[in-house]
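Asker: Dropping a prediction and its sequence here:
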Amino acid sequence: MKSPFPGMDPYLERHWQDVHQAICTYARDQIQEKLGSDLVARLGERLVVESMLDEPRTIYPDVRVVEQGIAGEWKPTESTATVAVAEPLVVKVGSDPVPQAFVEIIEPDSSTLVTVIEFLSPSNKLRGGGRDSYQQKQRELYAAKVSLAEIDLVRSGPRAFLLPEVQFPPRAKAEYFACVFRGWFWDRFELYPISIREKLPAIRIPLRRQEPDIVLNLQSLIEQAYRNGRYDRLDYKQPCAPALEGEPAAWVDELLRVAGKR
């Protein structure tokens, strides 16, 4: 079953870890068949630690309560052991690394990196170590003249593209965006505003400068992730997160009522 939304389904954002991994895999597979024999598309993976101290933040359910056997646990010294001291329960707050996939197009013989395709996650956008490490990667790719396609299909957090949002054209207003940087044009960015009311576009992905672009069909990625993840079971009676407001919220409500989801 297909999503009731014509393009990006905002209710998928609550399940972004699963959706993100899926669309990266499907993008790799879609691109692979379009590449010449001297290029390959591969999944890359980095580990992002979600800080428990930064606000706002993404929190994963990894809190552990431990009563004994903790490595490096504090023990009372002789001087303090003579006093009746209450024994606490030691609560260790975990911040396990969260794997994030992305797609790399490389020359396998020389291991030369040609293009990187990133589907942004909240941890790339919200303040903290995840955003810091992502911005460092952006700077390194820019300096190395590696092409970068950034696709933002989540509404949580500010934009985190290589192109700062303050430089978006005034008419570029949409719920979602994609942005493409060609490594040989240091001052040029290709921006794709993506409305929640429309199908997701097919965008041009640059390879090497002398080669024609390949096309990445974003709509087919989301449709495949929705179908294979069995997201037709989503509860559309509740507001999506983050919640829409005003006229877009009214449009979503009407769309779901017509589709029999409310």
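Answerer: Received, thanks. In this text, all values refer to a predicted model and were calculated from it rather than measured experimentally.
Asker: When you work out contacts or count neighbours from here on, use the C-alpha atoms and nothing else.
Answerer: OK.
Asker: so what's the residue sitting nearest the centre point of the chain scoring on pLDDT?
Answerer: Nearest to the mean C-alpha position of the chain, by CA atoms, centre = their mean, lies residue 121 at 2.2 Å. Note on residue 121: pLDDT of 93.
Asker: Tell me if I'm right that it and residue 18 touch.
Answerer: No. Under the criterion of CA atoms under 8 Å, residue 121 lies out of contact with residue 18, with a separation of 11.2 Å.
Asker: sorry, back to before: OK, contacts around the residue nearest to the centre of the chain?
Answerer: 16, 20, 152, 154 (CA atoms under 8 Å, 6 or more residues apart in numbering).
Asker: Which of these ranks first by neighbour count?
Answerer: Among those, residue 154 has the most neighbours (other CA atoms under 10 Å), with 26 neighbours.
Asker: Assign a three-state SS to that one, would you?
Answerer: On the three-state scheme (DSSP: H, G, I helix; E, B strand; the rest coil), residue 154 is labelled coil.
Asker: Begin at 17 from now on, thanks
Answerer: Got it, first residue is 17 now, which makes that one residue 170.
Asker: Backbone dihedrals for the closest residue to it other than its chain neighbours, both of them.
Answerer: Once flanking residues are discounted, residue 170 sits nearest to residue 29: 6.1 Å by CA to CA, 6 or more residues apart in numbering. Per-residue torsions, residue 29: phi -60, psi -30 (degrees, to the nearest 10).
Asker: now residue 244
Answerer: phi -70, psi -30.
Asker: which residues of the chain fall in strands?
Answerer: Using DSSP state E, the strands of the chain run over 56-65, 79-82, 106-109, 113-123, 128-135, 163-168, 192-197, 205-210, 218-221, 230-233.
Asker: any idea how far residue 205 is from residue 195?
Answerer: Between residue 195 and residue 205 the computed distance is 7 Å (CA to CA, to the nearest Å).
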